[in-house]
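K.L.:
Task: produce atomic coordinates for the following.
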Amino acid sequence: MKPTAIVFLFLGLSALAQPPAVSMAKEKLQVLRTIPHSGYSEGLDFHEGFLWHSLPKEILKISPKDGSIVARFPPATEYNESLTWLNGFLYIVSYSDNGIYRGKLTGDKFQFERVGTTPEVHAWGITHNGRDLFLTGNYSRVIYRMETKDFSIKSTITADVTDVEDLAFDGKDLWSSSFTEHRGSIYRIESKTGKVATIYELPDPDSCPVIDGIAIDGKTFWLTGKNCPSIFNVKIPSAAARAITKK
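P.N.:
The predicted structure follows:
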């Protein structure tokens, strides 16, 4: 997704341009259990009782019971990024051609078509609120709310954190992580303002140094990422639990 040399070159050039860090409270997440993971991730979603995992060259359907791979599917594009299910379709954003792809599962095969273009080069995350799609930008704080009819931009918000990664929606607000800020942590982002009040951190943040996969099953969170040997099933922080709704 982000070649190492380019990442550090970008960070070196942009560090002085970033606004001052926002002061945030920090809380520990409660891990309920873990299941095995491939060690890499571009996105995660929960749909009809299964975890759906995006890898650059593959889409995996995973059992949340034990982490076993139920099915493997070819990629929608040359390099898959994040994915989300909405109204019977699987939406995926592409790193290789900046496309938004929509797939229909028929039997054991997906039929994908390109239906739009990401607002910025290389969207990193995608989720939905039951009607509209939310997409991230590229090394960016901006989150875009988009129509699914013509894929036009309805609105944007600017998050308090930068390099926003994979997205999840809890029924009211968005959740994400950062590619560079606060390793092993996730944030709740107010969907109207972009405000982040609290950092939620894994008990051992270095056990998943780059979280790039957040899914909500209606009761708990599922988290994984890069250089991460596990998918973590974690308790939803109590302050956020009231807003969680099933997809």
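
K.L.:
Surely A215 touches F50?
P.N.:
No: counting by CB atoms under 8 Å, A215 does not reach F50; the two are 10.1 Å apart. Glycine gets a C-beta too; all of them are placed from N, C-alpha and C.

K.L.:
Look at these two and report which has more neighbours.
P.N.:
Neighbours of A215 and F50, each counted by other CB atoms under 10 Å, are more numerous for A215; the result is 26 against 17.

K.L.:
State the distance from the nearest residue to C228 once chain neighbours are set aside to K235.
P.N.:
Spatial nearest neighbour of C228, chain neighbours left out: C208 (4.0 Å); criterion: CB to CB, 6 or more residues apart in numbering. Taking CB to CB, to the nearest Å as the measure, C208 falls 16 Å from K235.

K.L.:
okay, these two: which has more neighbours?
P.N.:
The neighbour comparison of C208 against K235 (other CB under 10 Å) goes to C208, with 27 against 13.

K.L.:
in what helix or strand does the residue most central in space within the chain lie?
P.N.:
Nearest to the geometric centre of the chain sits D166, at 1.7 Å (CA atoms, centre = their mean). Secondary-structure assignment from DSSP states H and E places D166 in no helical or strand segment.

K.L.:
so how far is I92 from it?
P.N.:
Applying CB to CB to D166 and I92 gives a distance of 12 Å.

K.L.:
list residues touching both of the two?
P.N.:
Counting by CB atoms under 8 Å, 6 or more residues apart in numbering, the common neighbours of D166 and I92 are S82.

K.L.:
mind listing the helices for the chain?
P.N.:
Assigned by DSSP state H, the helices in the chain fall at 4-14, 238-241.

K.L.:
Can you tell me which of the ones you listed has the worst average pLDDT?
P.N.:
The weakest mean pLDDT among those belongs to helix 4-14, with a mean of 40.

K.L.:
got any ranges where the chain has weak pLDDT?
P.N.:
For the chain, the stretches flagged by pLDDT under 70 are 1-23, 239-247.

K.L.:
Let's see that with 50 instead.
P.N.:
For the chain, the stretches with pLDDT under 50 are 3-21, 242, 245-247.
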